[in-house]
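S.K.: The amino acid sequence is not available; the structure is as follows:
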Ligand SMILES: [Cu+2]
């Protein structure tokens, strides 16, 4: 299994995923309604920009608990960035992350997006709250590459 993952990741030239605590098991939420039937709302989040500003665009992402979203993460900047929102990820149900020819199902806490790369993270926030978002590349959060994910109740 590990070898298969490694070979997928090698093939995925423009983007790799930080597979922290990735379990490859689809864990449905306790809710009775299967969320996979629910309409998906697309939310675009840019990691940096072509002028190489160290910011998320937008830096405040507003979501509603129980709604299924496709977070379209892209990186138009000349360097790699991470989308890290551990508490948000812990308080959400991840259906899948898709990138190039790779699809990962299960718990994911961070996604690395390489220059010109993009990923689609299909996620259902489960718990209202305000969660921190940051990029863990040394110096980036300090320079302002941070944000908030605000999850409102239904
Ligand atoms: Cu960064």
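M.R.: Yep, that arrived. It should be emphasised that the depicted structure is a prediction, and the values quoted were computed from it without experimental measurement.
S.K.: Briefly note if stretch 107-117 comes near the ion.
M.R.: No - with CB under 5 Å from the ion as the criterion, the ion is not reached by stretch 107-117; the gap is at least 9.1 Å. Yep, even glycine has a C-beta here, placed from its N, CA and C like the rest.
S.K.: how far does that stretch sit from the chain's center?
M.R.: 7 Å (CA atoms, centre = their mean, to the nearest Å).
S.K.: Give me the buried positions along that stretch.
M.R.: By neighbour count on 16 or more other CB atoms under 10 Å, the buried set for stretch 107-117 is 107, 108, 109, 110, 111, 112, 113, 114, 117.
S.K.: Secondary structure and pLDDT for the residues you listed - can I get that in CSV?
M.R.: Compiled in CSV, those are given as follows (DSSP: H, G, I helix; E, B strand; the rest coil; pLDDT from 0 to 100):
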residue, secondary structure, pLDDT
107, coil, 84
108, coil, 86
109, coil, 83
110, strand, 86
111, strand, 90
112, strand, 92
113, strand, 93
114, coil, 94
117, coil, 93
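S.K.: Tell me the residues of this protein that contact the ion?
M.R.: Counting by CB under 5 Å from the ion, the chain sits next to the ion at 81, 135, 137, 140, 145.
S.K.: What pLDDT does the model give the closest residue to the second one other than its chain neighbours?
M.R.: Same thing as residue 135. Sequence neighbours aside, residue 145 is the residue nearest to residue 135 in space, at 4.1 Å (criterion: CB to CB, 6 or more residues apart in numbering). In this prediction, residue 145 carries a pLDDT score of 98.
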